[in-house]
Each structure stands twice: as C-alpha cells, then as structure tokens.
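**Q** Okay, here's the prediction I keep looking at, along with the sequence it came from:
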Amino acid sequence: MIWNKEMECASREEMRKLQSKRLVELVRYVYERVPFYRQKMENAGVRPEDIKGVDDIAKLPFTTKDDLRDNYPFGLFAVPQRDIVRIHASSGTTGKATVVGYTQNDLDVWAECVARCMTMANVGKDDIIQIAYGYGLFTGGLGAHSGAEKVGATVVPMSTGNSKKLTTMMVDFGATAIACTPSYLLHISEVLREEKLLDKIKLKSAVCGAEPWTEKMRGEIENRLGVKAYDIYGLSEVMGPGVACDCEFHAGLHVCEDHFYPEIIDAKTLTPVADGETGELVFTTLTKEGIPLIRYRTKDLTSITREKCECGRTSARISRFKGRSDDMLIIRGVNVFPSQVESALVDVEEVTPHYLMIVDRVNNLDTLEIQVEIDEKYYTDEIRGIEKITKKIAHVIQQALGISAKITLVSPFALKRSEGKAVHVIDNRKYD
Ligand code: DLL
C-alpha cells in the first residue's frame, strides 16, 4: 500500500509552501529551457522573479491543447531527447496528435501517483488486477500498470480487444480487481452474464476512468458485479491516469497536488471561481521534467474543495466531472451534457444505460434523437409494451434535459460497445 502521509495528509500551509517552492523552480526551469514559454512569458510581461509562490500564479499565461499541437511533436520538451525514456500521444478526433515525453523521474512520479490511487481503491499486494485499458500510445494501460505494480499487486496486462478471454481469465485467475473504462466494465458485466460467470468472479475493486460517468453508473456497476468502483482521473498532457482518484468515501477525487497544482477558472473570463463553484480545471505540473506545463486548460468541468476528507487525507478534492466544456451540446439553445442522459436512463428499469444521441438540424431547427437499448428481460422477438416504455423515457429525458427528444428503442446489444472511451454523440449539424 502506498499512502504517502507526508504529502496526502500535509496541513494546507505546508502543502502551499511546498507548491510555492516547486512553482518558483518550475517557472525558472521552463523559462530557461523552453523557448515557447520564455516567449509566452515575455509577451505577458512576466519575468521568473515575479513569481514568488502560488499566490502569483495568475500572472502566468495559460497553455492549451493547440499549443501542444502547434509545437508538434517535441517543441515543448524541456530536456534533450536522450533524457526522454518514454513517449505517449493522444490522437483525439481532430487535428494532430498531442505528444508527451517522460524522463525516468517522470515515470517514477507517475507510478507513485497511480499507486496512491490504487491504495485509495483498496488494491494492494494481495490483489490480482486485470489492466483492461488500452496499452500503447494511450496512457491508460501502461500508466495503470506501473502504479499497480508499485503497490505490489499481481498485474495481468490484458489491454483491450478480447472480452471473452478477459472474463475467462478473470474467473480462472481469481482476479480481485480490474482497471478499465466504466463503459467497458458495463460491457464486461454483460459478457459475464451471457457466459453465466457472474457468480464465479471474485472482483472487489474496479478502478474506472478515462471518460465521464455518473454516480448512478457507479451504482449500476457495483450492483451488477458486487464490486466497489473508484473514479480515477488523468489526462495525457498532464501525465495520464493518477492525477486524482476518489477514496472509499466517494466525496470527490483527491488530487496529487504536490505534483499537480489545480485551479478552477471561469472559462469565459479566465478568472478563478470560488471553492465549490463549477468551472474549468487548470493544472500546473509542479515536478514534471520532460514536458512541464504551466496553467494547462483541461476543458474538464468540476469544482474543488480543500476541506479535510473523512479518510484523513487533506489533499484538495475535485468533484465528479460533469463533462468537458467541448462535450456540451447546445440543442435549441439549451445546454445539454450526455451524462444527463445516462443519469436519467439508469432510473428506467426496462432499458440499459447504453445510448446514442443523434443531433441534426432540419429546417433550421435542432432535432435530437436518442437511441436507447432495451433490457433483455423486456425483449423477446419484439419489444413488449414499446409505446409505454418510449413514453416513460421521453418523460424522464424531458425532465432531465429540459428539451424533448425522439426516443428510439433498439434491441439488446444493437448499439456498438466500446472497449475504450464510449461514443455517445453523433452531431450531424454543420457548423460553418
Ligand atoms: O484518459 C487518461 C486516463 C486513463 C485517465 C485511464 C483515467 C484512466 P486522455 O486520453 O488524454 O487521458 O483523456 C483525458 O479524459 O481530460 C477527461 O475529459 C477524460 N477523463 C479522464 N478520466 C476521467 C474521469 C486519459 N475519471 C480526458 N472522469 C480528460 C471524467 C475523465 N472524465
């Protein structure tokens, strides 16, 4: 078990002092080593000596995903290639990949952060954990892997791609933990049910992340599999999984804030919002050597609290993610997050939480169709009581979103399952 009490239970003053010291060093480091940051700081009229601690952080300019893309592939690296021991990249759906590089020290810090998360998720030496995030350029597989090894768990590097093999080995090896996306875990639960293996599994912990999921989805996963499911967060630009994770009290995700300094800002005015208010999460990497980032705008929407958690950790906690600002749809002038649909569907007994939103524009009017998968129990050759169920869903969706939607019920397993991040939206509207 890795519970770094010195860092995770430090007083607020001690933590701020450490963060300030690290920020001052970081600013000097990037100013000297990364021409991009030197230029950005000069444009903003800031010199390294103006930054005396975290109270001065707002003087520093932001970094965005476009900055990484514009400097593709290695333009923001702060060390020569010979000191980089690993590369990861996120492809995204549009534009160039964003590429990140790690020094050996970065990998050690990463393993330590993931190990803290594994500890929060009650994974340790006595566990056998299947890592079912993709291995490769995506940070999920290798990131979760090294943290699980660091806590001494027996690691099974499944990756994604073969759910039947995964479920067979889950039973044969007596796996007690799994790490994968929540949507994939839901799919795994279906495969286990199909294979009649549900009562043969020994899972106790699931370390789920890489995509937004709701509290209700946690309940659904826990009920189906008899596990405790934990929420792990991270992003490749900042490090990968392990930037934050929730403990058994599920009262927000503890940020490894000795390494990643969090801020929540108003995405329009770019000024800080008060603790407890929702805004965009911004991170400054305090210790990264390979590709340190100053005030990186994640686009992820959350709020922060700095009150001590019941578990004893004092680290700042971010609330479960509402989504990304760029995931938010505006349909007929109303802001809609896919997670609201998921939340509404979990309450409808006749359907599964698998859904697809299809947004279009007909005669200048936005249309929303939601395809929803019927639960097997309510399906024989056709869907029983189709009209009643459709009406019921239309009602809960209207309540949840504040707009109406055309509901199309589809047969069990008709919607494509994802092994990584689920795709919930097809937006056919033309933006020109
Ligand atoms: O998804 C890293 C990761 C792997 C995290 C495995 C957790 C587990 P990226 O592909 O760069 O990295 O995507 C990062 O995914 O900005 C969020 O929008 C979303 N995300 C990640 N974890 C969560 C979570 C990995 N727990 C982007 N809840 C982030 C909600 C999450 N969204």
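**A** Everything's here; your move.
**Q** use CA for all of it now, contacts and neighbours both
**A** Will do.
**Q** Now do the contacts for the nearest residue to residue 338 once chain neighbours are set aside.
**A** Sequence neighbours aside, residue 424 is the residue nearest to residue 338 in space, at 6.9 Å (criterion: CA to CA, 6 or more residues apart in numbering). Residue 424 makes contact with 338, 355-357, according to CA atoms under 8 Å, 6 or more residues apart in numbering.
**Q** which among the residues you listed gets closest to residue 226?
**A** Nearest to residue 226 among these: residue 355, at 23.5 Å, using CA to CA.
**Q** From the contacts of residue 424, list the ones also adjacent to the ligand.
**A** The subset of the contacts of residue 424 within reach of the ligand, counting by CA under 6 Å from any ligand atom, is empty.
**Q** and residue 232, that one's in a strand?
**A** Yes: Residue 232: assigned to a strand according to DSSP: H, G, I helix; E, B strand; the rest coil.
**Q** The ligand versus residue 356, what's the distance?
**A** Remark: distance between residue 356 and the ligand (CA to the nearest ligand atom, to the nearest Å) = 18 Å.
**Q** Now do the helix or strand encompassing that residue: everything it contacts.
**A** Per DSSP states H and E, residue 356 falls inside strand 351-362. Under the contact criterion CA under 8 Å, 6+ apart, strand 351-362 has outside partners 217, 331, 338, 342, 345-346, 366-375, 415, 423-429.
**Q** Out of the residues you listed, which end up buried?
**A** Taking 16 or more other CA atoms under 10 Å as the criterion, what is buried in these is 217, 331, 338, 342, 345-346, 367-375, 424.
**Q** re earlier: right, and the helix or strand after the strand holding residue 356?
**A** Strand 351-362 is succeeded, C-terminally, by strand 365-374 (DSSP H and E).
**Q** strands paired with that following strand, and their directions?
**A** Partners of strand 365-374 in the sheet, by DSSP bridges, are strand 351-362 (antiparallel), strand 406-410 (parallel).
**Q** List the neighbouring strands of the helix or strand of the chain with the lowest mean pLDDT plus their orientation.
**A** Every helix and strand of the chain was ranked by mean pLDDT, DSSP states H and E. The lowest is strand 323-324, at a mean of 82. Strand 323-324 pairs in its sheet with strand 296-302 (antiparallel), by DSSP bridges.
**Q** The strand it pairs with and the ligand in contact?
**A** Yes: with CA under 6 Å from any ligand atom as the measure, strand 296-302 is seen reaching the ligand through 298, 300.
**Q** Which strands or helices does the longest helix seen in the chain pack on?
**A** Looking across the chain with DSSP state H, the single longest helix is helix 12-33. On a contact count with 3 or more CA pairs under 8 Å, 6 or more residues apart in numbering; DSSP states H and E, helix 12-33 meets helix 35-43.
**Q** Toward the C-terminus from the helix it packs on, list the very next helix or strand.
**A** The helix or strand immediately downstream of helix 35-43 is helix 65-70, counting by DSSP H and E.
**Q** which residues of the stretch 151-300 of the chain score low on pLDDT?
**A** For the stretch 151-300 of the chain, no stretch has pLDDT under 70.
**Q** Show me which residues of it are close to the ligand?
**A** For the stretch 151-300 of the chain, the residues in contact with the ligand (CA under 6 Å from any ligand atom) are 209-212, 231-236, 240-241, 298, 300.
**Q** which residues of the stretch 101-250 of the chain fall in strands?
**A** Applying DSSP state E, counting those that start in this stretch to the stretch 101-250 of the chain gives strands spanning 128-131, 154-156, 177-180, 205-209, 228-235, 240-246.
**Q** Check what contacts the shortest one and list those residues.
**A** Contacts of strand 154-156 with the rest of the structure, by CA under 8 Å, 6+ apart, involve 125-131, 145, 148-149.
**Q** The same query, at a cut-off of 10 Å, please.
**A** 124-132, 144-149, 166, 169-170, 173, 175-178 (CA atoms under 10 Å, 6 or more residues apart in numbering).
**Q** From those, list the buried ones, please.
**A** Counted by 16+ other CA under 10 Å, the contacts of strand 154-156 give 124, 127-132, 144-149, 166, 169-170, 175-178 as buried.
**Q** ok, the residue lying farthest from the centre of the chain - contacts?
**A** For the chain, the largest distance from the centre (CA atoms, centre = their mean) belongs to residue 381, which lies 38.2 Å off. The contact partners of residue 381, by CA under 10 Å, 6+ apart, come to residue 411.
**Q** Would you mind measuring from it to residue 204?
**A** Counting by CA to CA, to the nearest Å, the gap from residue 381 to residue 204 is 36 Å.
**Q** again with residue 117
**A** Distance, residue 117 to residue 204, using CA to CA: 15 Å.
**Q** Which of the three states applies to the residue in the stretch 301-432 of the chain that the ligand sits nearest to?
**A** At 5.0 Å from the ligand, residue 321 is the closest residue in the stretch 301-432 of the chain, using CA to the nearest ligand atom. Classification of residue 321 using three-state DSSP returns coil.
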